[in-house]
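1. sequence plus the predicted model coming up.
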Amino acid sequence: MKILAIESSCDETAAAVVEDGRKVSSSVVNSQIAEHKIYGGVVPEIASRRHMENIVPVTQEALSQAGISLEEIDAVGVTAAPGLIGALLVGVNYAKGICMATGKPLIPVHHIRGHVAANYIASPELKPPFLCLIVSGGHSHIVEVLDYTRYRIVGYTHDDAAGEAFDKSARAMGFPYPGGIYIDQAAKRGDPGKYKLPKPRVEGSPYDFSFSGLKTAVINLLHNAQQKGEAVDRDSLAASFQQTICEILTDHLEKAAKELGYCVITAAGGVSANSGLRFCLEKMCRENGYSLHIPPLSLCGDNAAMVGAQAYFEFLAGNTAGFDLNASPSKNIETGFSLERPL
C-alpha cells in the first residue's frame, strides 16, 4: 500500500511516499529554521504562511522522487494533531483537497504516534509491544506501545518538555535558536562535572518528569555569576546541563522498563538526536541486556516519512476520516483519531 504523507505541524513542510509502513520511496523536508532563528523561536503566523507557499512544491517533489502519480497513490496520510493550529490546518486542508479530487482515503495521524513510527522505518523487524521514550520540543513521555495503534502513557512532564528546557537554557547561555544542537556541540568540549545541577522529581510519580526547575537553576547560575562579575565556563555548563537532563530521562525510563517488564526499548522525537542522550540510552540498555532502537538523525526531527509509516497502521485499524476532519492543537496519543467517522 502506497501512502502520500503530509506533515506541517510546526516549522517543517514535509511530504513523503511510504509503502506498507516500512519502505520510504521519497521524503522531502523544507525547513524554516533560518527564518525563525531571527526571532529566537517559531512565529506561528510566519510558519503558517510558509506552509501555504511550500506545501504544493514539496508534495510535487515527493511524488516526483518516488516516480509515482497521485492516481497511483492508495491513500493520503496527514498530521492532524498536535501542533500549531494554523500550521496543521494548511496540511489537513491540502490533504482533504487531494482526497476530494482523487477519491482516495484520508488518514489523520497523531504527530507523536508518527515519531514512534519512525522506528518502524529504521528497524523493519521492530514490532510492538515495546517501551518508548518520546522526547521533543513540546513532549516528554514514557509510553507503552501495546500495538501499532494502542498506547498507554506511563510517564509525562508536568511542566517544560525536554526540548523546551534545552532551548530555553541554551538561550540563557547565549546560544542561537534552536539551542539543543548548540548545547550538544558545546557539551563535547566541556566538563560535565564542573557544575552541580538539580534533578527535579515529581513526588509520588516515579516515571514523570519536571524540567522547569533544572532550567531555572541554569538561569539563576548565569544571573548570579553576572551580578558578581564572575566568568562562566559555558561549554562546561552546557555539558553539565546535558548530562543532567539525559540522566533524568534515562533513569526514569530504566525504572519503568524494569517495573513494567520491557526488554525492547525505543526512543523518538527531536531530542533523541542528542548525542549525550543516545550515549546514556545505549549504556543503560547494554548494562541491562535490553534491545535499543533509535531512528537515524534524518528521522528524529519532523518529517513526513514517519507520518506515512503510522498512517499505514492507522488505515489497517480502520482509522480513516471524513471531509469534516479538523486539526487539533492538542490531542492525546492514547486516543489519536480512532473515534473519527470513517470516510
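-> Yes, it's here.

2. how much space between residue 42 and residue 161?
-> Relative to residue 161, residue 42 is positioned 14 Å away (CB to CB, to the nearest Å). No exception for glycine: its C-beta is placed from N, CA and C like everyone else's.

3. so between these two, which is more surrounded?
-> Between residue 42 and residue 161, residue 161 has the larger neighbour count (other CB atoms under 10 Å), namely 23 against 19.

4. report the rounded mean pLDDT for stretch 187-201.
-> Averaging pLDDT along stretch 187-201 yields 95.

5. dump the C-alpha coordinates for that stretch into PDB.
-> Written as PDB, here are the backbone C-alpha positions of stretch 187-201 (Å, rounded to 0.1, in the frame of the first residue of the first chain):
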ATOM      1  CA  ALA A 187      29.000  19.700  25.800                       C
ATOM      2  CA  LYS A 188      31.600  17.800  23.900                       C
ATOM      3  CA  ARG A 189      34.100  20.500  24.700                       C
ATOM      4  CA  GLY A 190      33.100  21.000  28.400                       C
ATOM      5  CA  ASP A 191      33.500  19.200  31.700                       C
ATOM      6  CA  PRO A 192      30.100  17.800  32.800                       C
ATOM      7  CA  GLY A 193      31.200  17.600  36.400                       C
ATOM      8  CA  LYS A 194      32.100  21.300  36.800                       C
ATOM      9  CA  TYR A 195      28.600  22.500  37.700                       C
ATOM     10  CA  LYS A 196      26.200  20.700  40.100                       C
ATOM     11  CA  LEU A 197      22.700  20.900  38.900                       C
ATOM     12  CA  PRO A 198      19.500  19.600  40.500                       C
ATOM     13  CA  LYS A 199      17.500  16.600  39.300                       C
ATOM     14  CA  PRO A 200      13.900  17.600  40.000                       C
ATOM     15  CA  ARG A 201      11.400  14.800  40.700                       C
END
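
6. hmm, who's touching it?
-> The contact list for stretch 187-201, computed with CB atoms under 8 Å, 6 or more residues apart in numbering, reads 210-214, 217-218, 221, 233-244, 247-248, 275-276.

7. same thing but 10 Å
-> 158-159, 169, 183, 208-218, 221, 232-248, 251-252, 274-276 (CB atoms under 10 Å, 6 or more residues apart in numbering).

8. could you find the closest non-adjacent residue to the residue nearest the centre of the chain?
-> Closest to where the C-alpha atoms of the chain average out (CA atoms, centre = their mean) is residue 269, at 2.8 Å. Leaving out its chain neighbours, the residue that sits closest to residue 269 by CB to CB, 6 or more residues apart in numbering is residue 136, at 3.5 Å.

9. the one you found - how many residues pack around it?
-> Number of residues near residue 136 (other CB under 10 Å) recorded here: 23.

10. any idea how far it is from residue 271?
-> As judged by CB to CB, residue 136 and residue 271 stand 6 Å apart.

11. between the two, which contacts overlap?
-> Common contacts of residue 136 and residue 271, defined by CB under 10 Å, 6+ apart, comprise 161-164, 300-301.

12. will you turn those residues into CSV that also has distance to residue 5 and pLDDT?
-> Output for the shared contacts of residue 136 and residue 271, formatted as CSV (distance: CB to CB, whole Å; pLDDT from 0 to 100):
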residue, distance to residue 5, pLDDT
161, 24, 91
162, 26, 93
163, 22, 92
164, 26, 92
300, 17, 96
301, 15, 94
